[in-house]
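Novice: Sequence and predicted structure below; questions after.
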Amino acid sequence: MSLQTASIIPSTISIYKEEKSNASLKETGFFGVAISSHLKAEFNTLQIGRQSFRRKEVSIPTIKAQTAAATPAIDQPAPEGKKTERKGNVIITGASSGLGLATAKALGETGKWHVVMACRNFLKAERAAKSSGIHKENYTVMHLDLSSLDSVRQFVDNFKRSGRPLAALVCNAAVYLPTAKEPSFTAEGFELSVGTNHLGHFLLSRLLLDDLKQSDYPSKRLIIVGSITGNTNTLAGNVPPKANLGDLRGLAGGLNGLNSSTMIDGGEFDGAKAYKDSKVCNMLTMQEFHRRYHEETGITFASLYPGCIATTGLFREHIPLFRLLFPPFQKYVTKGYVSEEEAGKRLAQVVSDPNLSKSGVYWSWNKNSSSFENQLSKEASDAEKALKLWEISEKLVGLN
Ligand code: NDP
Ligand code: PMR
């Protein structure tokens with residue numbers, strides 16, 4: 001308990017004081033961007049529906065951080081005469097809102113999964129789980145702050161001590177800081193978006209790989225959420241600033257803004273680009289995992305673009321006008337909009353559908369909500385870059 005309570009204290013160091021009302025969209029204006037007309041839009045999702053989760057505040061009299069000790073080790077044996085399938089344990093990072101929460105709900109309500117909600121805000125996660133109706137037997141909240149490598153290690157220790165076999169890990173959490181004029185940093189001093197979205201997940205996945213290997217669950221999966229905006233072979237991926245990792249010189253220098261740039265490619269800080277770069281890292285990492293470990297372990301490694309879930313908290317740092325216009329823009333103009341509920345079902349499919357068990361795939365969905373194997377951009381499928389990214393990331397997170 002004490003360990004978890006300690007790690008609830010925010011570990012992110014910020015040198016930036018936000019002035020959200022004055023936030024600008026840099027060179028892009030509002031949505032205004034120059035896009036080459038030959039690029040074909042990816043109108044691959046058509047789901048106009050109402051948002052399925054209302055964030056209802058519920059009062060929870062006592063909330064206790066669930067540690068290994070408070071968590072039953074494995075599912076209880078079925079009462080005599082009753083035959084029940086063994087539940088799979090799935091860890092979902094950032095399950096306190098948006099896609100992660102919707103996926104937790106979709107998996108939890110099948111009764112076949114126990115969801116470990118790996119979240120930085122324990123109370124928020126508990127409330128979210130309760131208000132979205134996930135039955136208490138189907139989830140556990142465990143503390144994880146991806147912007148602190150100590151917290152990642154602590155989480156892994158706690159999870160291992162719980163004795164739960166691991167069937168699937170979903171790296172879903174992310175931050176997006178499009179209006180920041182100055183960078184913020186993780187506890188270890190990495191630029192916050194890449195530090196959280198990529199490096200935190202990189203360490204987490206590496207440390208949990210053995211658990212996945214050792215689990216005897218029939219289908220073991222490691223899913224890293226990607227995005228269309230990191231793929232420059234799409235219209236969305238060509239909205240400036242575009243993702244570009246360059247030769248990874250900034251990453252190799254530690255992204256700390258002291259002896260290196262805060263951007264992977266060594267350029268000037270740009271929060272929107274840092275997010276898109278981090279998504280390229282996510283997609284490259286998934287493929288490097290696949291090349292290194294799929295054959296040996298049988299683990300399925302996959303990434304996905306779930307559709308544009310324009311209503312989630314991801315856009316919380318954006319200017320109010322953007323937050324107002326982005327959902328209708330995606331619903332009626334690009335038709336790329338998808339509800340949180342639908343996106344959650346898609347990610348749940350990637351976790352558990354036997355038809356989506358192929359490894360090394362970046363999944364997307366078409367207008368009829370059917371999944372298909374999508375093409376990644378040249379950079380997001382560059383094997384040499386993936387290897388370099390892997391090796392530098394290992395050093396940064398202290399694995400090498
Ligand atoms: P949300 O902001 O709703 O969810 C992000 C989650 O990440 C939140 O639960 C948040 O926690 C958590 N998180 C942020 N920082 C940390 C941290 N340091 N440690 C632990 N958890 C953290 O956004 P979405 O649901 O939209 O995003 C989920 C994923 O989907 C992301 O990977 C994003 O890149 C991807 N995606 C989203 C799209 C969209 O259109 N929205 C499109 C394509 C991909 P808290 O609740 O405490 O803030
Ligand atoms: Mg985009 C088919 C077209 C399409 C799709 C599917 C998206 C998804 N976007 C598309 C087109 C456009 N967007 C066009 C034409 C513009 C210029 C008007 C545009 C603009 C835009 C902005 C300013 N779009 C954005 C932003 C953001 O700040 C979001 C972002 O880039 O976050 C990193 C975003 C997004 N558009 C998407 C998706 C899925 C996003 C959220 C990105 C993500 O989660 O990766």
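Specialist: Received the coordinates, thanks. Ligands and ions are numbered 1, 2, ... in the order given.
Novice: what does the model give whatever residue of the stretch 51-200 of the chain ends up closest to ligand 1 for pLDDT?
Specialist: Per C-beta to the nearest ligand atom, Gly98 is where the stretch 51-200 of the chain lies closest to ligand 1, at 2.2 Å. All C-beta atoms are positioned from the backbone trio N, CA, C, and that covers glycine. Gly98 is assigned 98 on the pLDDT scale.
Novice: swap in Glu384?
Specialist: The pLDDT attached to Glu384 in the predicted structure is 98.
Novice: Check the secondary structure at it for me.
Specialist: Secondary structure, DSSP: H, G, I helix; E, B strand; the rest coil: Glu384 is helix.
Novice: can you check Val141 too?
Specialist: When classified by three-state DSSP, Val141 comes out as strand.
Novice: my read: it touches Lys124, true?
Specialist: No. Between Val141 and Lys124 there is no contact under C-beta atoms under 8 Å: 9.4 Å.
Novice: and the two? which has more neighbours close in?
Specialist: Remark: of Val141 and Lys124, Val141 carries more neighbours, 26 against 15, as counted by other C-beta atoms under 10 Å.
Novice: Skipping adjacent residues, who's closest to the residue of the stretch 51-200 of the chain closest to ligand 1 in space?
Specialist: Distances taken as C-beta to C-beta, 6 or more residues apart in numbering place Thr312 nearest to Gly98, at 3.4 Å, with adjacent residues excluded.
Novice: My guess is the one you found contacts Ser97. True?
Specialist: Yes. Look at Thr312 against Ser97 with C-beta under 8 Å: they come within range, at 6.6 Å.
Novice: follow-up on the earlier one: now the residue nearest to Gly98: how far from ligand 1?
Specialist: Distance, Thr312 to ligand 1, using C-beta to the nearest ligand atom, to the nearest Å: 3 Å.
Novice: Looks to me like Phe329 is in a strand.
Specialist: No. Read with three-state DSSP, Phe329 is helix and lies in no strand.
Novice: Would you mind giving me the confidence score for it?
Specialist: For Phe329, pLDDT reads 98.
Novice: which residue packs closest to the spatially most central residue of the chain, ignoring adjacent ones?
Specialist: Nearest residue to the geometric centre of the chain (C-alpha atoms, centre = their mean): Asn172, 1.8 Å. Counting by C-beta to C-beta, 6+ apart, Gly100 is the residue found nearest to Asn172 once chain neighbours are left out, at 4.4 Å.
Novice: repeat for Ile309
Specialist: Spatially, and ignoring its direct neighbours in sequence, Ile309 is nearest to Ala343 (4.7 Å; C-beta to C-beta, 6+ apart).
Novice: Model confidence score at the one you found, please.
Specialist: For Ala343, the model assigns a pLDDT of 98.
Novice: Of all the helix elements in this structure, which one is longest?
Specialist: helix 271-297 (DSSP state H).
Novice: May I see the buried residues of that helix?
Specialist: Of the residues in helix 271-297, 271-290, 293-294, 297 count as buried by neighbour count, 16 or more other C-beta atoms under 10 Å.
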